[in-house]
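Asks: 3D model of this:
(one chain, ligands or ions: 1)
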Amino acid sequence: MRIDILTLFPELLKSPFEASILKRALQSGKASVHFHNVRDYSTHKQKQVDDYPFGGGAGMVMMVEPIDRCIKVLKKERDYDAIIYLTPDGETLTQQNANHFSTLNNIILLCGHYKGVDQRVRDHLITHEISIGDFVLSGGELAAAVFCDSLIRLIPGVLGDESSALTDSFQDGLLAPPIYTRPANYNGWHVPDILTSGNTPKVEAWREEKALERTKKLRPDLLR
Ligand code: ADE
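Replies: Here you go, the predicted structure:
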């Protein structure tokens with residue numbers, strides 16, 4: 001999977017890809033991430049990328065031209081399966097749409113700043129709009145990092161244990177069950193006996209029961 005990210009602040013986005021699972025995914029070539037500074041596509045002398053909103057109002061708006069020019073350059077090189085704008089008024093990111101986007105080959109992510117982008121970008125260039133939750137960030141970069149992480153970890157071979165992405169919370173519509181590791185007794189805090197019994201079918205049944213119990217208690221909306 002190739003991800004091209006259009007941003008005014010590439011430095012905000014670098015570190016998530018420089019450690020742990022995302023770093024390994026990039027090193028193995030299973031995913032690649034490319035940053036494009038929208039400012040480099042401005043035709044203005046001062047490299048202007050934003051302007052006042054027509055009709056007045058507070059805040060600046062990202063201009064259509066630099067974004068359009070950058071996307072045009074990228075599209076000349078390859079076809080894109082999705083051009084996604086990260087915005088708080090987009091469709092909320094869920095495990096289901098992360099699963100879907102993780103199967104695509106080439107995607108572009110656009111990070112907004114200031115008041116957002118000129119509506120013509122959204123009307124003519126963007127194919128999907130994604131929000132990572134009902135709150136407003138200072139820009140789309142951190143949302144893009146979250147979105148990339150949720151996708152890249154699902155690419156086959158990225159996680160060491162192939163089955164582990166499938167046992168995540170939400171993957172079967174339930175929260176994940178509790179997990180434990182050694183020691184089985186720490187200061188009198190005991191691990192449930194069933195987990196040390198070696199009885200795999202019983203362990204599986206226990207996990208399902210706990211997943212359901214946890215979901216009922218913490219996220220009953222998922223069961224409706
Ligand atoms: N940009 C600002 N806030 C955002 C959010 N919640 N999701 C996606 N992009 C954003």
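
Asks: and V117, how many neighbours does it have?
Replies: A count of neighbours around V117, defined by other C-beta atoms under 10 Å, yields 24. For the C-beta atoms, the positions are set from N, CA and C on the backbone; glycine is no exception.

Asks: got the residues of the chain near the ligand?
Replies: L86, T87, P88, G112, S131, I132, G133, F135, V136, L137, G140, A143 (C-beta under 6 Å from any ligand atom).

Asks: again, 5 Å this time
Replies: L86, P88, S131, I132, V136, L137, G140, A143 (C-beta under 5 Å from any ligand atom).

Asks: Next, the last one: secondary structure please.
Replies: The one in question is A143. Recorded secondary structure, A143: helix (DSSP: H, G, I helix; E, B strand; the rest coil).

Asks: one step back: ok, of the residues of the chain next to the ligand, which come out buried?
Replies: L86, P88, S131, I132, L137, G140, A143 (16 or more other C-beta atoms under 10 Å).

Asks: Which pair in the residues of the chain next to the ligand has the greatest spatial separation?
Replies: Using C-beta to C-beta, the pair of the residues of the chain next to the ligand lying farthest apart is L86 and V136, separated by 11.6 Å.

Asks: Verify the contact between G90 and E129 for me.
Replies: Yes - the criterion here is C-beta atoms under 8 Å, and G90 meets it with E129 at 3.3 Å.

Asks: and stretch 83-93, how far out from the chain's middle?
Replies: 10 Å (C-alpha atoms, centre = their mean, to the nearest Å).

Asks: and that stretch, average pLDDT?
Replies: For stretch 83-93, the mean per-residue pLDDT is 97.

Asks: Check stretch 130-139 too.
Replies: Here the average pLDDT along stretch 130-139 is 97.

Asks: Burial check on P156, number of neighbours?
Replies: 10.

Asks: does it belong to a helix or a strand, and which?
Replies: Counting by DSSP states H and E, no helix or strand carries P156.

Asks: so how far is S28 from it?
Replies: The gap separating P156 from S28 is 11 Å, by C-beta to C-beta, to the nearest Å.

Asks: out of the residues of the chain next to the ligand, which are inside helices?
Replies: Members of the residues of the chain next to the ligand lying in helices (criterion: DSSP state H): A143.

Asks: Now do the helices in the chain.
Replies: Counting by DSSP H, the helices of the chain are 20-27, 64-77, 95-101, 119-124, 141-152, 200-218.

Asks: okay, those helices, which one's buried deepest?
Replies: helix 141-152 (a mean of 22; mean count of other C-beta atoms under 10 Å).

Asks: tell me what that one is packed against?
Replies: On a contact count with 3 or more C-beta pairs under 8 Å, 6 or more residues apart in numbering; DSSP states H and E, helix 141-152 meets strand 2-7, helix 20-27, strand 82-92, helix 95-101, strand 106-111, strand 128-131.

Asks: Of these, give the one that comes closest to A176.
Replies: helix 95-101 (11.6 Å).

Asks: now what about that closest one, what contacts it?
Replies: A82, I84, E91, I107, I130, F147, S150, L151, L154, D168, F170, Q171 (C-beta atoms under 8 Å, 6 or more residues apart in numbering).

Asks: please redo it, this time with the cut-off set to 7 Å
Replies: A82, I107, S150, L151, L154, F170, Q171 (C-beta atoms under 7 Å, 6 or more residues apart in numbering).
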